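Q: Show me the folded form of this:
(chains A and B)
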Amino acid sequence: MFAPVSSGFLSRRSVPVLLLLALVAILSTSAWAQPKDNSSKRLEAIRSEMEKGQSLYVAGNYVGAAEVFETGYTTYPYSAFLFNAGVCYQKQNDVDHALAKFKEYVKVDPNAPDVDKVNQRIATLEAAKATAMAAAAAAAAAAAAATPVGDAGVDADAGPVVVPPPPPPPPIILPSGDDQNAMKSLVVIETEPDGAPLRIYQRTDANAARFALGAPANPGWKEVVATRAPANLTLDVGHYHVVVEKFRDFNASEADMAVSPGHVHQLKANLSQGQFMAFLRVSSNVIGAHIWIDDKKKEHPLWGDTPHGELVPGGKHDVLVEAPGFEPFLSSVELEHGEQKELEVRMVRVNYGVLRIDASAPEVKVRIDEQPKGVWRSGEEPLDVRFDSGKHKVTIESDGRKTYEGTIVVPRGQILPLHVKMIPKYPRGPAWTQAIIGAAFLGAAIYVGSESNKLYDQLKEDRANGSLEGSDSRATRGKWFAVGADAGFVVAGVLGGLATYNFIKDPLPESSVKAGKLLEFEDPLKARPVARLQPRTRPLQDVAVVEHGPRFEFTPNASSTGGGLFFGGKF
Amino acid sequence: MRASLLVLGGLALASSACSWTRFDDVTADSPIVLFEKPGAMKSGFGVTLATATNDGTTEVLVGGATNVSGAALYDIGNDDSPGTTSIDTGYCSGSSQDCYLSSRIAGFAKAQGPDQVRPLCFAVGTGTADKSGLVVRCKDTAEYALEMPEVAQKLLAVTFAQNQPYDHPMATDRTDDPVLLASLPEKRIAWFYPSRSLEFSALGLPDDADADDPSFGQSLAVLAVDGGRVLAVAVPGKSRVFLWKTDDDGNSAYVGCLGDVDGLGRALASGRVNGDDADDLVVSDNVNVHVIDGAALFDLPGTDSRECSLSSLPRGALLNSFGCGSTSSLSGCEQSEFGAALAVGDLDGDGDGEVVVGAPKMTVRDEENAGALLIYDADLADEESFVDSKFISSAENGDELGRAIVTPHIGNRDIIAAGAPGGGKAALFYCSSLLAPGAAGSRCP
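A: Purely as a prediction, here's the structure:
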């Protein structure tokens, strides 16, 4: 990936800045370094500590900030932590600790570009401390002189005299002026290969012209560091210009760098190419989406997973971003040498989803929008049914169990697990028995009723022609037939009502669906993406369970005074 | 659900439509009323009938088996609310004295007793009352006996001695002072008792009259006509009907014989058929029933001729003849014994009588031998004379309705009382299709 050193590069060394722009990686963006790079991880951890301390400092929590910096130094012994801790102690008027940290700073990093300033700060603090101590001594003496010698500690009239304690030393008034920019930052400068000589210039005049490499003089710029890469530097807030001088066969290069307070900055120069690489960072609304660079057919290993940034050669690149359940994203990116670009990809979910169905039945048949979609059997993996996203009528049937019918919202680009609770059908044996017996009674009642009517007609006719005898046995027979018919109708009616009730009665709940938590599509690359989208807070509410048709119920009721059937319905 | 509601609605509708109380309504005040058979009746019920009406009271006497059983009296009043329970079962029954019920019994509106005239009496058979003879019992339970011809008295003594009874059929007319006609088939003799008389008068036949048959006198009739009576004695075994006429003083004369038709005289009845003031004679043969003008018979002169034929009747004396008729409910005329019993009654109250013919072997609604009553209006042409029929709606096989018929008088009309001895039934038939709607009380439409 390193381009050959341009022969024209040195000829353009007089051209200010741009051609030698080094990459400044500001580690405040966490994914800057390659994940597999231990050095990057270490820098990330340092950055975390540094920024944490900086945040506490800015918030005025100097005690907490001091602790963080102290801890950071213990773990990562960079002098910037010491200085920053000293500033925090100074903010607390803790002169002794402040002095200790500043002195240790000078001790561990005697070549620090600001060592003179720090020594001056030490002197100032010691002077302030001395002044304060003298004032305290004077105050103590004055207090002692004010105490009566003869009556020391005793009042003849009031008993023993209490000797007042010596007055506290006056507070040490430390020089003020430390603001949030007082924090120093850690700057890591690397070269490929190591060992390249470095010169770092600090802009001392805000109105200074851009640093010009090779110029006889650069007014407003001051060289503060001369060392070799890799270098870990503790720098004040400000603008700097880093110059990598010609090293062995490698070309020189340069870059501007803005140091912000309490941060960790990394600068890396690929000297072999003779030009600085560009930095491309690809982020997405989907964390873990796979990125391919200049590999549309995905014939090579993926470049990284979002968010991912890496040095890439300048020029035009094809960026392919894919995530299961999302539409592929393909875009071309044009990068200048040394340019840092972030590509924010807004991925859109595919317009289909998957229903993952299992059930509490040995076998269920699944239909969506009345189309058969498969059979799931107990012991098998859940049945995955891919379907267009949106509302669909889902019907799940199983022998001997209540059919489930409902409206399901198929998600976009996700898997909706459906656990179908198939409720056994309520047995209708008693209802059928009652219906059959009722029908038999009805038939018998109709028959005997018809016979009764026939006999009545005969009797009526006989009466009309004067042949009817009062004790005609047909009258008795017809009467009993009528009674039997009426009884039969009543029994048939009761049994019919009971049968109807028992046909309608169903104490068992309907088959139901419990929608599980939405799942992402399986990632064949084993890196399951996690959507950064707002999680569904009401997944179940998207599963509309529709009950079909009105229901009627008979409710038997009995009391000491009678009984009956109540009839009610749900619509 | 809608289907269930329809079913329930249908059930409710059907249930409400099938009321059993309508049977009580339809049988209340039924057109036919059955008499209750008393427990004292030894055997049979409805074998023979007689009726008598006096002073607005009509009674019916229902007899059992001839010579075996007794008879029971029922008061049917003067409207359509009859008493169906016997008011007196002492007719040839319940007494320690001998009494043998006749196959034909006779009722009197008034009867001359030994000491006084008594209302509503019935001659029921032979036996012993105040003496031996024909036993008459009245509503007031008074009993007396009418002396019979000597040969009959002697035979009665034998009967008492050997307990071997002989039938003594009887007949009377429906006047207030009726004539009683009686016979003793065993001895081929007949006699009568004039009005208000306890003395009998023998009826003599011409010499060599062909009357020697056990059927002699089995059926009798007394026709009340202006100036006297016509007495008819049938010998169906000889297909003959012998006729006499009597005057109010009890003098009698033989006036002729009807014959030459098979079975003629199987049954006789009298009544006002043609609307004049004289009773007419109704006589059945094996097939038909004939109505003969009573006045014409009374006008016949006395004769010694032994000739017997219908053709010898005066012109116009044969008012009508009719045969068996059937309806949708009645069938089996051929073996129906059409004409086994006859009666004449003014069923529609129009002043002239209708002929009621018993057909005891008639099939009623598939009930063989249930029996029926066929009613004819003799004033109409032959084809139209069959105007009505009666049967018991609860007819059973073997009832044999129509073995005995009388026409009790209530109000201003007659009704029919008929016996069905096969079923042990006797019934009153209150309604007739001849009645005007609403004119027959609550029992009729």
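Q: Quick one: neighbours of the residue of chain A found nearest chain B, just the number.
A: Closest to chain B within chain A is A:Gly466: 3.1 Å, counting by CB to the nearest CB. (C-beta placed from N, C-alpha, C; glycine too.) If you count neighbours by other CB atoms under 10 Å in any protein chain shown, A:Gly466 ends up with 25.
Q: who touches it in this structure?
A: A:Gly466 makes contacts with B:Pro31, B:Ile32, B:Asp388, B:Lys390, B:Phe429, B:Tyr430, B:Cys431, B:Ser432, B:Ser433, B:Cys444, as judged by CB atoms under 8 Å, 6 or more residues apart in numbering or on different chains.
Q: need the longest helix for chain A.
A: The residue-count maximum for a helix in chain A (DSSP state H) belongs to helix A:429-464.
Q: coming back round to it: so of the contacts of A:Gly466, which ones are in strands?
A: Secondary structure from DSSP state E places B:Ile32, B:Asp388, B:Lys390, B:Phe429 of these in strands.
Q: can you list the contacts of A:Gly466 in TSV and add distance to chain A and neighbour count?
A: Shown next, in TSV, are those (distance: CB to the nearest CB, whole Å; neighbours: other CB atoms under 10 Å in any protein chain shown):
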residue	distance to chain A	neighbour count
B:Pro31	4	28
B:Ile32	4	27
B:Asp388	8	24
B:Lys390	6	26
B:Phe429	6	27
B:Tyr430	7	26
B:Cys431	3	26
B:Ser432	6	25
B:Ser433	7	16
B:Cys444	6	20
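Q: Output these as CSV; include the columns pLDDT.
A: Compiled in CSV, these are given as follows (pLDDT from 0 to 100):
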residue, pLDDT
B:Pro31, 91
B:Ile32, 92
B:Asp388, 91
B:Lys390, 92
B:Phe429, 94
B:Tyr430, 91
B:Cys431, 89
B:Ser432, 87
B:Ser433, 85
B:Cys444, 84
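Q: Between the residues you listed, which sits nearest B:Ala370?
A: Closest approach to B:Ala370 among those (CB to CB): B:Lys390, at 11.8 Å.
Q: partners of the closest one in the sheet?
A: Beta bridges link B:Lys390 to B:Leu373, judged by DSSP bridges.
Q: Just checking the host helix or strand of B:Val357 against chain A, any contact.
A: Element membership for B:Val357 (DSSP states H and E) is strand B:354-359. No: applying CB under 8 Å from any CB of the partner chain, one finds strand B:354-359 separated from chain A by no less than 12.9 Å.
Q: Quickly run through the sheet partners of that strand, with directions.
A: With DSSP bridges as the test, strand B:354-359 pairs up with strand B:341-345 (antiparallel), strand B:372-376 (antiparallel).
Q: Which one of the residues in the stretch 151-300 of chain B is closest to chain A?
A: B:Gly271 (20.1 Å).
Q: Check the ones in strands among the contacts of A:Gly466 and tell me the two furthest apart.
A: B:Ile32 and B:Asp388 (13.5 Å).
Q: re earlier: got the strands paired with strand B:354-359 as a markdown table, with mean pLDDT and mean neighbour count columns?
A: Converted to a markdown table, the strands paired with strand B:354-359 look like this (pLDDT from 0 to 100; neighbours: other CB atoms under 10 Å in any protein chain shown):
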| stretch | mean pLDDT | mean neighbour count |
| --- | --- | --- |
| strand B:341-345 | 96 | 27 |
| strand B:372-376 | 95 | 28 |
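Q: got those as JSON lines, with distance to B:Glu383 columns?
A: Below are the strands paired with strand B:354-359 laid out as JSON lines (distance: least, CB to CB, whole Å):
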{"stretch": "strand B:341-345", "distance to B:Glu383": "21"}
{"stretch": "strand B:372-376", "distance to B:Glu383": "11"}
